[in-house]
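A.B. asks: I'll drop the sequence and a predicted model, then ask my questions.
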Amino acid sequence: MHKIIHIARKEIMHIRRDVRSLFIAILMPLLMTFLYGYAINLDIKNIKLGVLDFDKSVESRELVTKYFSSGYFIPAESQVQLDDPERVLKLTDAHVVLVIKPGFAEALANRTEYQVGLLLDGADANLAAAAGNYAAAVFNQYLVSMLPPGMELPGVTMSHQVLYNPDLKSSHFFVPGLVGVILMMISALLTSITIAREKETGTLEQLLTSPVTPRQIIIGKVLPYIGLALFDGLLVYGFAILHFHVPMTGSNLLLFVFGVIYVIAALSIGVLISTLVKTQQLAMMAALTVTMLPSVMLSGFVFEIKNMPLFLQWVTSIIPAKYFILIIRGIMLKGSGIEVLWPQAAVLIVMTLVLLGIAAKKFKMKIG
Amino acid sequence: MSRAVDVVDLTKKFGDFTAVNSISLSVETGEIFGFLGANGAGKTTAIRMLCGLLLPTSGSGTVAGYDIYKENEKIKHSIGYMSQKFSLYPDLTGMENLTFYGSVYRIPRKQLKDRIDKVIETLSLADFIDRPSMALPVGWRQRLALGAAILHEPKILFLDEPTGGVDPVFRRRFWEMLYRLAEAGTTLFVTTHYMDEAEFCGRISIMHRGEIVELGNPKELIKKHGQPDLQETFISLISAEANNA
């Protein structure tokens, strides 16, 4: 135990001297938070809405007003003498066209069947999907506001519901996942470099001729990085709460405990990489390749796993970030507890054991 | 007290390649033993086996009286190792390096401080002990590395080309320090490419292609092979072996 502490203390000295790496370790999470929080903002505002109101009633005008006051839609450039919605979409800058055929007010009053038409420009699939959702949401709000409480409007079947993220803010969805991605990258990167560096300088060999065991070396070297990674996690988490106003509906303690489990899994990847490669450069390349793309693309961070081809879905099950993103979204957005999330944590623990097991074996083979 | 190093038929294979082929040698306590050979002759592999960095493929032996297979941990407490590569932490100062290596051997803090002071004095390290070790000239770095290797007062010191890239003045002073260590009872096991250094050794062995082809006192070896000096002896031996192969 003493030896582990000495190694850890020395590692902290390395971290403090190596300003560049420390800079990366702290700056990268901040940069990524802003990048994903803002630049990759899937919230779509200022959708240009063209309106074809053939009903020309008080109610129809009220509906149109509702759209423009929602904050998501702005009027498209004026459509002079156009009454074909397709031509509106083609000839003006509108992304969406709302068509209110005659009989809207009547249908509202008599509760008969009626359909409001919505035409979407599918060229930007993202925008179209979002616009469709927003339009449906605004329409529902309008209907609800027109009805006395508890009454249903027969014939109107538009039932759009957004679960867990009623504000429709993509940052609420992204930023917690970002904690997972950043923890993975930082942990794997830094540990893989630190052990590879000792290989490069020959100090690992020197250490191995002393009475410290490989296990003591690895634990001693990794301990400080658990601290650094958790600090990074806290940083991004703080941003999520304070800056992006992501709701925290679950237990902070549970999130922290699962966070530690996840960080250790990520560090294990770094340890395994460093037993396999000889130079810092290779370690860095390997760590980024193994963690960055999979954690971003295949973890459910950006793309929904259930929409992936079956083969890729299968691949995602070996990506640790997938499990932590489920955990952190579950805790923050849904308030899930340990009874729901323990399988995810269990998978992470098993992964850690397997990774460290392989690493220890590789390490021994190097010596033998 | 048993011999410092005593190995029989030590062999190391990497796949099909035999790096060390059945070498046997023994080194007496307090002896300065030179380990010579061309590049790639298997010297470093042999030393790494003796230091517990590599497990032998076959053969048997003891280092500091401990079995090289079973008593690895005890061996590690009894030996010091200094490799051809400068193996201290470049971003740490000399003092921090010494303190760290000392602490790894679990030397009690107060005792460690005394030992560091002593090492600083005997190796004249005082002037540069507080500088990051990467900023030091090679010769001083080597002295610092030697200091780190002897802090725990090892019985046997393995030196793998300790003076590579060091100027002649520094080399001479380095060897004076080694002599002092030997006089104090430390066994030295040194590999080198410098023949003048080899002549400082009590006995040398010459390795070629994984085998020991000659072993004995440097002066006697020169006489035995009828050569003017050790350099010529070494070259004639190696080229004779190469012709045989």
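C.D. replies: That came through, no problem.

A.B. asks: Spell out which parts of chain A neighbour chain B.
C.D. replies: Proximity of chain A to chain B, by Cβ under 8 Å from any Cβ of the partner chain, involves residues A:2-3, A:6-7, A:10, A:13-14, A:17-18, A:201-203, A:205-212, A:367-368. All C-beta spots, glycine's among them, are computed from the backbone N, C-alpha and C.

A.B. asks: if we go to 10 Å?
C.D. replies: A:2-3, A:5-7, A:9-10, A:13-14, A:16-18, A:197-198, A:200-213, A:216-217, A:220, A:364, A:366-368 (Cβ under 10 Å from any Cβ of the partner chain).

A.B. asks: Please narrow those to those residing in helices.
C.D. replies: If you go by DSSP state H, the residues of chain A next to chain B have A:2-3, A:5-7, A:9-10, A:13-14, A:16-17, A:197-198, A:200-201, A:203-208, A:216-217, A:220, A:364, A:366-367 in helices.

A.B. asks: Filter those down to the buried ones and express that as a ChimeraX selection.
C.D. replies: To isolate the buried ones among those in ChimeraX, judged by 16 or more other Cβ atoms under 10 Å in any protein chain shown, type:
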select /A:3,6,7,9,10,13,14,17,197,198,200,201,203,204,205,206,207,208,216,217,220
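
A.B. asks: Spell out the secondary structure type for B:Arg171.
C.D. replies: helix (DSSP: H, G, I helix; E, B strand; the rest coil).

A.B. asks: Tally up the residues packed near the closest residue to it other than its chain neighbours, please.
C.D. replies: Among residues not flanking B:Arg171 along the chain, B:Thr163 sits closest, at 4.7 Å (Cβ to Cβ, 6 or more residues apart in numbering or on different chains). Neighbour count of B:Thr163, defined by other Cβ atoms under 10 Å in any protein chain shown: 23.

A.B. asks: Help me confirm that B:Thr163 is found in a helix?
C.D. replies: No: applying three-state DSSP, one finds B:Thr163 to be coil, outside a helix.

A.B. asks: pretty sure it is in contact with B:Val169, am I right?
C.D. replies: No: using Cβ atoms under 10 Å, B:Thr163 is not in contact with B:Val169, being 11.2 Å away.

A.B. asks: where do the contact lists of those two overlap?
C.D. replies: Both B:Thr163 and B:Val169 are in contact with B:Gly139, where contact means Cβ atoms under 10 Å, 6 or more residues apart in numbering or on different chains.

A.B. asks: Where do the helices of the stretch 201-350 of chain A begin and end?
C.D. replies: With DSSP state H, counting those that start in this stretch, the ranges of helices along the stretch 201-350 of chain A come out as A:203-208, A:214-238, A:252-276, A:280-297, A:310-316, A:320-329, A:338-367.

A.B. asks: Burial-wise, tell me which of those helices comes out on top.
C.D. replies: With neighbours taken as mean count of other Cβ atoms under 10 Å in any protein chain shown, those reach their highest mean count in helix A:320-329, at a mean of 26.

A.B. asks: and that helix, what does it pack onto?
C.D. replies: Judged by 3 or more Cβ pairs under 10 Å, 6 or more residues apart in numbering or on different chains; DSSP states H and E, helix A:320-329 is in contact with helix A:170-201, helix A:252-276, helix A:280-297, helix A:310-316, helix A:338-367.

A.B. asks: Tabulate the helices of the stretch 201-350 of chain A (CSV), appending mean pLDDT.
C.D. replies: Conversion of the helices of the stretch 201-350 of chain A to CSV gives the following (pLDDT from 0 to 100):
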stretch, mean pLDDT
helix A:203-208, 86
helix A:214-238, 88
helix A:252-276, 92
helix A:280-297, 87
helix A:310-316, 88
helix A:320-329, 92
helix A:338-367, 85
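
A.B. asks: right, so of those, which gets closest to A:Glu59?
C.D. replies: When the helices of the stretch 201-350 of chain A are compared by Cβ to Cβ, helix A:320-329 sits nearest A:Glu59, at 39.9 Å.

A.B. asks: so where do the strands sit in chain B?
C.D. replies: Under the criterion DSSP state E, chain B carries strands at the ranges B:5-14, B:17-27, B:32-37, B:58-63, B:66-67, B:79-82, B:156-160, B:187-191, B:203-208, B:211-216.

A.B. asks: The fifth one pairs with which strands?
C.D. replies: Using DSSP bridges, the neighbouring strands of strand B:66-67 in the sheet come out as strand B:58-63 (antiparallel).

A.B. asks: and the angle for the partner strand with strand B:17-27?
C.D. replies: 40 degrees (axes from the mean of the first three to the mean of the last three Cα atoms, to 10 degrees).

A.B. asks: give the contact list for the residue positioned nearest the centre of chain B.
C.D. replies: For chain B, B:Leu159 is the residue whose C-alpha lies nearest the centre (Cα atoms, centre = their mean; 2.0 Å). Contacts for B:Leu159 (Cβ under 10 Å, 6+ apart) come out as B:32, B:35, B:47, B:80-84, B:142, B:145-146, B:149, B:174, B:178, B:188-192.

A.B. asks: Tell me how many other residues crowd B:Leu55.
C.D. replies: Residues near B:Leu55, counting by other Cβ under 10 Å: 14.

A.B. asks: wait, it sits on B:Lys70?
C.D. replies: No: in terms of Cβ under 10 Å, B:Leu55 does not count as a neighbour of B:Lys70; the distance is 11.3 Å.

A.B. asks: contacting residues around B:Ala4?
C.D. replies: B:Ala4 touches B:26-31, B:33, B:50, B:62-65, B:78-79, B:155-157, B:186-189, counting by Cβ under 10 Å, 6+ apart.

A.B. asks: got the buried residues for the lowest-mean-pLDDT helix or strand in chain B?
C.D. replies: Across the helices and strands of chain B, mean confidence by mean pLDDT, DSSP states H and E is lowest for helix B:230-244: a mean of 82. Under the neighbour-count criterion of 16+ other Cβ under 10 Å, helix B:230-244 has B:230, B:233-234, B:237-238, B:241 buried.

A.B. asks: Pick out whichever of these sits closest to A:Asp121.
C.D. replies: The closest of these to A:Asp121 turns out to be B:Ile238 (Cβ to Cβ; 81.6 Å).

A.B. asks: residues contacting that closest one?
C.D. replies: Applying Cβ under 10 Å, 6+ apart, the residues near B:Ile238 are B:36-38, B:41, B:206-209, B:213-214.

A.B. asks: ok, which stretches of the stretch 51-200 of chain A are strands?
C.D. replies: Secondary structure of the stretch 51-200 of chain A, counting by DSSP state E, counting those that start in this stretch: strands at A:73-75, A:96-100, A:117-120.

A.B. asks: okay, the ones you listed, which one's buried deepest?
C.D. replies: Per-stretch averages of neighbours, counted by mean count of other Cβ under 10 Å, single out strand A:96-100 among the strands of the stretch 51-200 of chain A, with a mean of 23.

A.B. asks: could you say what helices and strands that one packs with?
C.D. replies: Using 3+ Cβ pairs under 10 Å, 6+ apart, strand A:96-100 sits against strand A:47-53, helix A:58-68, helix A:85-91, strand A:117-120, helix A:125-146.

A.B. asks: who's in contact with the residue nearest to B:Leu230 when sequence neighbours are not counted?
C.D. replies: Of all residues not flanking B:Leu230 in the chain, B:Met195 sits nearest, at 4.6 Å (Cβ to Cβ, 6+ apart). Residues in contact with B:Met195, defined by Cβ under 10 Å, 6+ apart, are B:34, B:36, B:204, B:218, B:229-235.

A.B. asks: Against A:Ser70, how distant is the nearest residue to A:Met297 once chain neighbours are set aside?
C.D. replies: Among residues not flanking A:Met297 along the chain, A:Phe303 sits closest, at 6.6 Å (Cβ to Cβ, 6+ apart). Distance from A:Phe303 to A:Ser70, counting by Cβ to Cβ, to the nearest Å: 28 Å.
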